[in-house]
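Asks: here's my sequence, what's the structure:
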Amino acid sequence: MHPTPEAAQEWIDSLLASAARGINPEFATQTLAEYGNTHMTLALRGLEPKTTDPYLAGWRLHVVPALGHLPITMVTNGTVYRTTYAWIADGGGRSTVKNTLAVLVRVMEQAVRDGLITADPARIKGWQRQFQLAEDELDDPAPSPFATGAGYFAPPTGRSAGRGNCEVTN
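Replies: Numbers count the residues shown, from 1 in each chain. Coordinates of the predicted model:
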């Protein structure tokens, strides 16, 4: 699970620190899916039922399959970014991704309140720009050099450019 002995020791130290704060180590090592399913009512408190339905769908269909296996303390900002971009690349709509991230943010905020993590790694920025880039590419796709003939008729480049016929010798 940990790539180096130092990383393993850091994990043990974090468990000991959590235990010193009164957090049960079993609670601190739950997977994101276990933690979220157990604490979803707290995480979604104050929301209208019309909001909780799409949030729960995002949780079940996207968060749990992609990140649910990770211990909650090992969900990082980078992991959330990569997963979000994968959802976008897989054709997830803007509303679906937004609702999915929103429920993940709420679960991770609950983990912050419970003292399991110090910051919410699901609060990411810039993911909406990926939709704009995808839409721009659909509206005006970059031409392939082979579609324009440039791939066939362009002057040669590289090490043999300008040498004319090159003979390969042993």
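Asks: where is the longest helix in the protein?
Replies: The helix spanning the most residues in the chain, taking DSSP state H as the definition, is helix 94-113.
Asks: distance-wise, check Pro25 relative to Pro71.
Replies: From Pro25 over to Pro71 the distance is 11 Å, taken as Cβ to Cβ, to the nearest Å. (Glycine included, C-beta is placed from N, CA and C.)
Asks: which one's more surrounded, these two?
Replies: Ranked by neighbour count (other Cβ atoms under 10 Å), Pro25 and Pro71 place Pro71 first, with 16 against 12.
Asks: just give the nearest non-adjacent residue to that one, would you?
Replies: For Pro71, ignoring the flanking residues on the chain, the nearest one in space by Cβ to Cβ, 6 or more residues apart in numbering is Thr29 at 5.5 Å.
Asks: what about the one you found, how many residues nearby?
Replies: Residues near Thr29, counting by other Cβ under 10 Å, number 17.
Asks: quick one: it and Met74 touch, right?
Replies: No - applying Cβ atoms under 8 Å as the test, Thr29 and Met74 come out as separate, 9.6 Å apart.
Asks: ranking helices and strands of the protein by mean pLDDT, which lands last?
Replies: Least confident helix or strand, the chain: helix 150-153 with a mean of 51, by mean pLDDT, DSSP states H and E.
Asks: which helix or which strand is home to Ala66?
Replies: Take DSSP states H and E as the rule and Ala66 turns out to sit in helix 64-67.
Asks: other SSEs contacting that helix?
Replies: Secondary-structure packing of helix 64-67 (3 or more Cβ pairs under 8 Å, 6 or more residues apart in numbering; DSSP states H and E): helix 32-43, helix 77-89.
Asks: export those helices to a markdown table and tack on distance to Leu15?
Replies: Listed next are the helices and strands packed on helix 64-67 as a markdown table, based on distance: least, Cβ to Cβ, whole Å:
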| stretch | distance to Leu15 |
| --- | --- |
| helix 32-43 | 15 |
| helix 77-89 | 20 |
